[in-house]
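> Any chance you can model this:
(2 chains)
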Amino acid sequence: MLGFEAFGASTLPLLAYSPPGWGATLLAGLWNSVQIAVGAFGLGILIGMGGAFGKLYGGPVLKDLLAIYTTVVRAVPELVLILILYFAVTDAVNQMLLSFGYSRIQISGVAAGIAVLGVVQGAYATEVLRGAILSVPSGQIEAARSMGMPPLLLARRITLPLMMAAAVPGLANLWLVATKDTALLAVVGFAELTQATRQAAGTTKAFFTFFMAAGVLYLILSLVSTLIFSRIERWARRGQRTMGR
Amino acid sequence: MLKELMIPRRLVMIAIVLGLAIWSAYALRWDWLGTPKYQALIWTGIWNTFWILIVTMVIGMALAIPLGLAQAVGPWYLAAPASIFCSIIRGTPLLLQLWLLYYGIGTFFPSIPWIRDSSLWPILRQAWPYAVVALSLSVAGYEGEVMRGAFKGVPHGQLEAAKAMGMPRFTMFRRIWLPQALHRVLPTLGGETVLQLKATPLVATITVIDIYAVAGRVRQDTFIVYEPLLLLAVVYMAITGLIVLLFRWFESRFPSRVA
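Just a heads-up that it's a prediction; the model follows:
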């Protein structure tokens, strides 16, 4: 079994942190991935909040437009959306700059990644948050309204705290999707973890070792976030009656 | 359905969409659609996307049933590996799994003489087996978790009744447990199939020619940026629509009575 050498053990030193090891490159990639995931997740929640309230309380035209947004984004593969939005956004920004007499700029990969994945996350977050808002007993909202609470105060004091518990599991799922979707940016050549791994593996020819190492990093990320989110869920459900088990 | 569209504001929207479609048909470059070379490529691409989707869904579901069963009622030495497998599949990006299989294990095969000499080698040299394996395992991982819940959700009384009738264990599984569990996942299965469709363009990164790869090829050859991407979006939306309709028909055939 000659091949087993290429498979594993002898290539492990390549994972060392300092050169000639590629550990630093992988960790820098992981840091980029996490940055993009956090940004996209945050942007997604912002869009989702607006979208959810719009879908529930907005006018008929707004409702239809939001329905088109969520349907299209959820029907077209992220990879295609990333390409379309990436080119369209850079093109639009540059056209605008040119028409105002400025020169073209190169949009940073992190910013483009956050914008693109944020729009995708927003569509899913809209549905998650809409469901969560619907789970708030309508009596609570009606009571607040009858007390003459203005809409923003009502959202802040009544709807948001009460919907938290129902929203957290869905949002946790979305966060995991966000971390995994950052890998798709490798296709546009952005140096997140998967792309960094491919670079390292391509240079050293130790494909198996590097892809396994990246897999472990992703897995650690997902396990740690699952732990954190279960903490958050417990906090959001404090004071609620637990299901008898 | 038609009545819902005949409201004034929706008619305006339809008019805007039609206007955009007509504008893009005239203002954008679609001449490449006419060349027989690209037409043939596009049909091959759509066909490849289709069969990869269907084959991986079927294999994945077939694997998901034992995975779900092992996690729901299996002894710990079956349940633990099954749940670890599901966590790994669900915890890492599919793109990475695909590249691990294709570049990692795929480049390792040629160095083993007996694999090189076997009759399977001509197949293993191509890219599609790795695509099928990676996508199937991904379905198995996600659906294994879903099936676990479905198996657990079948009311205990059903199984006890079957047992009381003296049904052998396997017959009980085949006639009572599995059909009811599958019935429970049917509403989510349509959504999962759409998710799987959206995962198929990843296979283009390992040189399988699906519709996404074809669009990339057109963009490279002709330097047209947006039009092939628009075509892609339309094709994927059409396939999604087909899947949704198919599953709606499916669900109407097996109406859900479980609460």
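
> what about the most centrally placed residue in chain B, which helix or strand?
The residue lying closest to the centre of chain B (C-alpha atoms, centre = their mean) is B:Gln196, at 2.8 Å. Applying DSSP states H and E as the criterion places B:Gln196 in helix B:178-199.

> Do any residues in the longest helix that chain A contains lie close to chain B?
Ranked by residue count under DSSP state H, the longest helix found in chain A is helix A:23-57. No. Using C-beta under 8 Å from any C-beta of the partner chain, we find that helix A:23-57 stays clear of chain B, coming within 9.4 Å at best. Heads up, the C-betas are built off the backbone N, CA and C, glycines and all.

> Who are the packing partners of that helix?
On a contact count with 3 or more C-beta pairs under 8 Å, 6 or more residues apart in numbering or on different chains; DSSP states H and E, helix A:23-57 meets helix A:60-75, helix A:109-134, helix A:160-181, helix A:193-204, helix A:207-236.

> For A:Ala92, find the nearest of those helices.
Closest to A:Ala92 of the helices and strands packed on helix A:23-57, according to C-beta to C-beta: helix A:109-134, at 11.2 Å.

> Now do the helix holding B:Gln196: everything it contacts.
Contacts to helix B:178-199, defined as C-beta atoms under 8 Å, 6 or more residues apart in numbering or on different chains, come from residues A:74-78, B:49, B:53, B:56-57, B:60, B:65, B:68, B:94, B:135, B:138-139, B:142-143, B:146-147, B:150-151, B:153-154, B:158, B:236, B:239-240, B:243-244, B:246-248, B:250-251, B:254, B:256, B:258.

> Next secondary structure element downstream of that helix?
Downstream of helix B:178-199, the first helix or strand assigned by DSSP H and E is helix B:211-222.

> Just the CA trace of that next one, in PDB.
Below are the C-alpha coordinates for helix B:211-222, written out as PDB (Å, rounded to 0.1, in the frame of the first residue of the first chain):
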ATOM      1  CA  ILE B 211     -26.400  23.400 -16.700                       C
ATOM      2  CA  TYR B 212     -24.300  25.700 -14.500                       C
ATOM      3  CA  ALA B 213     -21.100  24.500 -16.100                       C
ATOM      4  CA  VAL B 214     -22.600  25.200 -19.500                       C
ATOM      5  CA  ALA B 215     -23.500  28.700 -18.600                       C
ATOM      6  CA  GLY B 216     -19.900  29.200 -17.400                       C
ATOM      7  CA  ARG B 217     -18.600  27.800 -20.600                       C
ATOM      8  CA  VAL B 218     -20.800  30.300 -22.600                       C
ATOM      9  CA  ARG B 219     -19.500  33.200 -20.500                       C
ATOM     10  CA  GLN B 220     -15.900  32.100 -21.100                       C
ATOM     11  CA  ASP B 221     -16.300  31.700 -24.800                       C
ATOM     12  CA  THR B 222     -18.300  34.800 -25.600                       C
END
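
> For the helix or strand just after it, list every residue counted as buried.
Toward the C-terminus, helix B:211-222 is succeeded by helix B:227-253 as the next helix or strand (DSSP H and E). Neighbour-count burial for helix B:227-253, counted by 16 or more other C-beta atoms under 10 Å in any protein chain shown, picks out B:227-229, B:231-233, B:235-236, B:239-240, B:243, B:247.

> Now render those residues as CSV, adding pLDDT and distance to chain A.
Shown next, in CSV, are the buried residues of helix B:227-253 (pLDDT from 0 to 100; distance: C-beta to the nearest C-beta, whole Å):
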residue, pLDDT, distance to chain A
B:Glu227, 86, 11
B:Pro228, 88, 10
B:Leu229, 88, 5
B:Leu231, 88, 10
B:Leu232, 90, 5
B:Ala233, 90, 5
B:Val235, 91, 9
B:Tyr236, 92, 5
B:Ile239, 93, 9
B:Thr240, 93, 4
B:Ile243, 92, 9
B:Phe247, 89, 14
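
> just those now: which is nearest A:Ile220?
Comparing the buried residues of helix B:227-253 against A:Ile220 with C-beta to C-beta places B:Tyr236 closest, at 32.7 Å.

> residues touching that closest one, list them.
Counting by C-beta under 8 Å, 6+ apart, B:Tyr236 has contacts A:75-77, A:80, B:197-198, B:211.

> And B:Val234, by the same measure?
Neighbour list for B:Val234: empty [criterion: C-beta under 8 Å, 6+ apart].

> Next, give phi and psi for A:Arg104.
The phi/psi pair for A:Arg104 (degrees, to the nearest 10) reads phi -60, psi 150.

> Mind pulling up the pLDDT for A:Pro19?
According to the prediction, A:Pro19 has pLDDT 68.

> surely B:Tyr38 meets B:Trp32?
Yes. Counting by C-beta atoms under 8 Å, B:Tyr38 sits close enough to B:Trp32 to count as a contact (5.3 Å).

> overlap in contacts of these two?
Taking C-beta under 8 Å, 6+ apart as the criterion, B:Tyr38 and B:Trp32 both touch B:Val218.

> Now do the contacts for the spatially most central residue of chain A.
Nearest to the mean C-alpha position of chain A, counting by C-alpha atoms, centre = their mean, stands A:Ala178 at 2.9 Å. Going by C-beta under 8 Å, 6+ apart, A:Ala178 touches A:37, A:40-41, A:44, A:117, A:121.

> That one and chain B, how far apart?
Distance check for A:Ala178 against chain B: by C-beta to the nearest C-beta, to the nearest Å, it reads 11 Å.
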